[in-house]
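[1] Starting from these lines, generate the structure:
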Amino acid sequence: MKLSGKVALITGAASGIGKDTALLFAQEGASVVACDIDDKGGADTVLQIEEAGGRALYVHSDVAQARDCKNMIELAESDFGGLHILFNNAGVMDSRDDDAEATEEDVWDLTLNINLKGVFLGCKYGIPALKRAGGGSIINTASFVALLGAATPQIAYTASKGGVLSMTRELAVIHARENIRVNALCPGPLRTELLMKFLDSEAKRQRRLIHIPIGRFGEAAEMAKAALFLASDDSSYVTGTEFVVDGGITAAYVTPERESAPTS
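    Residues are numbered from 1 along each chain as shown. This is a model prediction of the structure:
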């Protein structure tokens, strides 16, 4: 098993990428700390892991709050003896998110607090724990829109994910000699509840699908497999990357100099 003896903390573990990753990491031998604000969904993730013979703990965590982030890291160490993998995955995509003129300030603040500040706080409290464990892997969920911008306006979300990508690069450089790898997972459009609520009409979904060479939305389980690679020793020489898993969308619109992007 690729993660035998490891402790992995995953935010946003009640559904989507986070849930599928928690189940896969446990299957691969990790003890999982599942964090979310959805207590029912988080408890279900833990139950599924335990029923399959794995070890897991649910922690109610609002990643925009420092006290919650500090607490989830402390519980990982106290209950499972350390922390080796930190997957800062929790995120929000508000249906009111639009262009700069239409997006309200409260939507901007909510999105940046969860998607960007939440990653910062996870790293702030998680990196010392990784150091105490002798190193490890941090995976931050960014997005293909951090590289391209989105065809359907979502200015707050795109800005937040661009920040995650930049922060990931800097953290990777700072901590490389401390045996801590930091990478950004950049999913393409996924058939998850989060995106489907945002793309709430067939016209919006087709507007996004037309840009994907593979011709379909990705699945959360496919992102979990990418996260497993970044978490495991299979990626021992990989840090500071934008790990793009997007069905070809960036290849279709990005030149080697990154000079073009979709405009519709």
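[2] Ignoring the adjacent residues along the chain, who's closest to A220?
    Distances taken as Cβ to Cβ, 6 or more residues apart in numbering place D20 nearest to A220, at 4.3 Å, with adjacent residues excluded. Glycine gets a C-beta too; all of them are placed from N, C-alpha and C.
[3] which strands and helices sit next to the helix or strand containing the one you found?
    Counting by DSSP states H and E, the element that carries D20 is helix 16-27. Applying 3 or more Cβ pairs under 8 Å, 6 or more residues apart in numbering; DSSP states H and E, one finds that helix 16-27 makes contact with strand 7-11, strand 31-36, helix 39-51, strand 85-88, helix 220-231.
[4] Same list, these, but as a markdown table with mean neighbour count please.
    As requested, the helices and strands packed on helix 16-27 are exported to a markdown table (neighbours: other Cβ atoms under 10 Å):
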| stretch | mean neighbour count |
| --- | --- |
| strand 7-11 | 30 |
| strand 31-36 | 30 |
| helix 39-51 | 17 |
| strand 85-88 | 30 |
| helix 220-231 | 21 |
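[5] hmm, back to that, what lies in contact with the helix holding D20?
    By Cβ atoms under 8 Å, 6 or more residues apart in numbering, the surrounding residues in contact with helix 16-27 are 1, 3, 8, 10-13, 32, 34, 36, 41, 45, 48-49, 52, 54-56, 85, 87, 89-90, 141, 187, 190, 192-194, 220-221, 223-225, 227-228, 231.
[6] next one: phi and psi at Y58?
    phi -100, psi 140 (degrees, to the nearest 10).
[7] quick one: contacts for it?
    Here Y58 is in contact with 13, 34-36, 39, 42-43, 45-46 (criterion: Cβ under 8 Å, 6+ apart).
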